[in-house]
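S.K.: dropping a prediction and its sequence here:
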Amino acid sequence: MSQQEQVFISYKREDEAFAIQLRDKLRSWGYNTWRDKDDIAADESWAVGIDRGLKTSGIIIGVMTEKAVTSEQVFKEWMFAFINKRRLILLWLEDFDLDKLNYQFHSHQRVDFRQSHAAGFEALKNALQQAPQSTIVEPVKPSAETLPERGLIPPGSRMQYGENPNFVGREEELKQLAQSLFNANGNGGAANAAAITPAAAASGIGGVGKTQLAVEYAHRYGRYYYGVHWINMADLKATDETSLNSRLAEEIAACGQVMGLNLPPNDLGAQMQMTLQAWRSSAPRLIVLDNVEEAGVYNHIRQLLQGQHVLITTRVMDESRWRNLGATACPIKTLPREQSRQLLRKLAPRLNDVDDAELDALAERLGDLPLALDLAGRYLEQNQHLTPAAYLE
């Protein structure tokens with residue numbers, strides 16, 4: 001057996017008994033195997049050992065269970081195979097919602113073990129003796145009716161924000177964004193631009209929660225993309241092309257660095273172009289343009305983002321302007337009163353004992369703006385003696 005025929009076994013710890021059985025089967029068929037507990041040296045760190053095992057293996061077999069597909073470590077191991085063009089075979093060990101499986105892995109070969117392990121091992125043996133499958137599947141689209149749970153964002157993504165545990169509501173806005181980006185006809189009829197670069201502009205006044213909506217979208221829908229890349233567009237004007245181009249080069253090159261690209265040093269322009277080329281070779285990715293202050297800024301850069309899904313956060317609320325640029329305008333309004341109360345009680349749990357009317361008065365004064373409610377809720381939590389009524393005085 002050559003080094004390239006070593007088989008790396010990727011699994012969740014709960015499936016260790018099956019992983020050992022798999023190792024023994026593979027060895028009986030003549031394959032070299034690599035499994036963490038067998039092959040990480042005593043003086044070697046776990047992370048270094050895993051990296052060595054992946055790099056010296058030509059085949060990666062993933063034990064596919066619900067816990068495995070939601071494991072960050074297992075995800076990284078499978079993504080290594082995907083990025084480095086190693087053969088990846090997934091062993092479907094149990095029933096679970098395949099919507100939880102990241103988009104990248106829907107096209108990879110699967111062997112079904114759900115009904116019979118004996119039949120599964122026989123199918124796996126045959127699969128290993130055959131040429132790798134090259135099945136191409138259509139990109140998976142999220143359900144229009146159901147909001148997906150938060151999931152793993154692909155490795156190599158550049159996200160500026162983690163999950164917000166206090167995020168409330170916005171189910172319809174999130175589904176509207178998803179439909180605008182995943183539906184080819186969802187960009188206001190601007191088929192020429194939409195077919196190339198689906199885009200949605202989450203627009204609204206300051207403090208209404210546009211950025212946090214984009215963060216929530218990324219964490220719920222990120223698994224449907226090859227990567228998520230956050231670009232800060234604050235304080236840029238279309239008329240100042242020098243500053244605009246400089247910021248773009250810095251931000252896009254930073255995305256390339258997180259992706260692990262071998263970028264040329266001291267040349268932001270070349271780094272940006274190499275990153276854009278990588279994006280185009282594995283579209284679609286989600287590009288978040290945060291705090292776009294002028295529609296003309298997006299007009300200046302949209303050709304660079306061909307083939308990607310672009311989510312814009314902006315205070316520009318001219319729907320016709322966005323439509324002319326091939327983007328769907330998704331107006332973001334203040335929170336419904338019930339969700340305002342829910343947010344306050346999440347931030348300050350003691351408010352669960354406060355009457356709705358008292359919280360309604362606070363939400364009314366704050367205009368049901370998520371940012372203002374967030375500040376008030378945190379302040380009330382830090383100052384336990386203070387009532388909502390006293391806060392308003």
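M.R.: That came through fine.
S.K.: got the residue ranges for the strands in the stretch 101-250 of the chain?
M.R.: Taking DSSP state E, counting those that start in this stretch, the strands of the stretch 101-250 of the chain run over residues 109-112, 199-203, 228-232.
S.K.: with respect to Lys37, which of those strands lies nearest?
M.R.: Nearest of those to Lys37, taken as C-beta to C-beta: strand 109-112 at 22.9 Å. C-beta here means a position set from N, CA and C on the backbone, and glycine is covered the same way.
S.K.: and the closest one, average pLDDT?
M.R.: If you average the pLDDT over strand 109-112, you get 88.
S.K.: next one: stretch 152-169
M.R.: Across stretch 152-169, the average pLDDT comes to 88.
S.K.: rebuild the strands of the stretch 101-250 of the chain as CSV, extending it with mean neighbour count.
M.R.: Listed next are those as CSV, based on neighbours: other C-beta atoms under 10 Å:
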stretch, mean neighbour count
strand 109-112, 18
strand 199-203, 27
strand 228-232, 22
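S.K.: TSV for the ones you listed, including distance to His309?
M.R.: Output for the strands of the stretch 101-250 of the chain, formatted as TSV (distance: least, C-beta to C-beta, whole Å):
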stretch	distance to His309
strand 109-112	26
strand 199-203	8
strand 228-232	10
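S.K.: out of these, which is closest to Pro154?
M.R.: strand 228-232 (6.8 Å).
S.K.: so which elements touch that closest one?
M.R.: Judged by 3 or more C-beta pairs under 8 Å, 6 or more residues apart in numbering; DSSP states H and E, the packing partners of strand 228-232 are helix 241-259, strand 286-292.
S.K.: could you give the angle of the next helix or strand after the first one to strand 228-232?
M.R.: Stepping forward along the backbone from helix 241-259, the first helix or strand reached (DSSP states H and E) is helix 268-281. Put simply, helix 268-281 runs at 140 degrees to strand 228-232, going by axes from the mean of the first three to the mean of the last three C-alpha atoms, to 10 degrees.
S.K.: in helix 268-281, which residues are buried?
M.R.: Buried residues in helix 268-281, counted by 16 or more other C-beta atoms under 10 Å: Leu268, Gln271, Met272, Gln273, Met274, Thr275, Leu276, Ala278, Trp279.
S.K.: please name the nearest non-neighbouring residue to Val258.
M.R.: Arg158 (4.5 Å; C-beta to C-beta, 6 or more residues apart in numbering).
S.K.: Ile301 too?
M.R.: Leu248 (6.1 Å).
S.K.: any chance you could list what contacts the host helix or strand of Ile89?
M.R.: Using DSSP H and E, Ile89 sits in strand 87-92. By C-beta atoms under 8 Å, 6 or more residues apart in numbering, the residues outside strand 87-92 that reach it are 22, 58-64, 78, 81-82, 105, 108-114, 120, 124, 127-128, 132.
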